[in-house]
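**Student:** predicted model and sequence follow; I will ask about them next.
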Amino acid sequence: MSTSEIHPNVKRVIYTEKEIKERVSELGRQISQDYKDSKNLVLVGILKGSFVFMSDLVRSIHLPNTNVSLEFMSISSYGAETSSSGVIRIMMDLRTSIEGKDVLIIEDIVDSGLTLKHLMELLNHRNPNSLHTAVLLRKKEGLKVDVPVRYMGFDIPMVFIIGYGLDFAENYRELPYLGELKEECYKK
Ligand SMILES: O=P(O)(O)OC[C@H]1O[C@H](OP(=O)(O)OP(=O)(O)O)[C@H](O)[C@@H]1O
Ligand code: HPA
Ligand SMILES: [Mg+2]
């Protein structure tokens, strides 16, 4: 990628399209292996951030003997800030029951861990057969709560990331790579 193709508000590219593609394919292979005996696998994408990761990940999953279905939930905690409000709002819930099914939550990023922790508690109460998580990015130093991530793309430093579905104040989701947002874009 030439520098001219990088968005002017991106300080540096953290992972290129190619690096993301390779890692996501690996995760898909692992998931396909682990769920090969599952009857029903429900992939639950958390909107909006996970939509790009989810669309690439599902196409790397090959489970010919499993009913694989997709569901979405919409959750919001960040608004136009760069740190979690800690208040998680469910804007859209699942449309079907997950009782007795294997459920895999698909998230773009775990930062404080508050969103995923809250979600796992919520979905566990609905009696799935199993409940696990696939997360593209994790900021290990940002974690405020312990939350289990079964399939993890990359551990990243404490910088604000945009692109590949991740936003700042709803912008930059369309960038095909993962980049660090320039500090001057959010520090006043
Ligand atoms: O670990 P946490 O500190 O809770 O942060 C992670 C959550 O924050 C982001 O969602 P956001 O509220 O920005 O909604 P979005 O996916 O629509 O951008 C991200 O997509 C995760 O869901
Ligand atoms: O670094 C981030 N970028 C975008 N969204 C986020 N939500 C939590 N952390 C981040
Ligand atoms: Mg966001």
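**Tutor:** Arrived safely. A quick note: this is a predicted structure, and the numbers were derived from the prediction, not measured. Ligands and ions are numbered 1, 2, ... in the order given.
**Student:** by contact count, what packs against the helix or strand harbouring residue 24?
**Tutor:** Using DSSP states H and E, the element containing residue 24 is helix 17-34. Judged by 3 or more CB pairs under 8 Å, 6 or more residues apart in numbering; DSSP states H and E, the packing partners of helix 17-34 are helix 51-58, strand 130-138, strand 151-155. In short, each C-beta sits where N, CA and C put it, glycine included.
**Student:** around ligand 2, pick out the residues from the chain.
**Tutor:** 78, 109, 111, 160-161, 166 (CB under 6 Å from any ligand atom).
**Student:** out of the helices and strands in the protein, which is least certain?
**Tutor:** None of the helices or strands of the chain scores lower by mean pLDDT, DSSP states H and E than strand 89-92, at a mean of 89.
**Student:** which residues touch residue 27?
**Tutor:** 57, 60, 134, 151, 153 (CB atoms under 8 Å, 6 or more residues apart in numbering).
**Student:** all strands of the chain, in order?
**Tutor:** 10-15, 40-47, 67-76, 89-92, 102-110, 130-138, 151-155, 161-162, 178-181 (DSSP state E).
**Student:** the longest one near ligand 3 at all?
**Tutor:** Spelled out, it's strand 67-76. No: applying CB under 5 Å from the ion, one finds strand 67-76 separated from ligand 3 by no less than 7.5 Å.
**Student:** give me the angle between that strand and strand 102-110.
**Tutor:** On the basis of axes from the mean of the first three to the mean of the last three CA atoms, to 10 degrees, strand 67-76 is oriented at 40 degrees to strand 102-110.
**Student:** buried residues, strand 67-76. List them.
**Tutor:** Across strand 67-76, burial judged by 16 or more other CB atoms under 10 Å covers 68, 71-73, 75-76.
**Student:** elements contacting that strand?
**Tutor:** Using 3+ CB pairs under 8 Å, 6+ apart, strand 67-76 is in contact with strand 40-47, helix 51-58, strand 89-92, helix 114-124.
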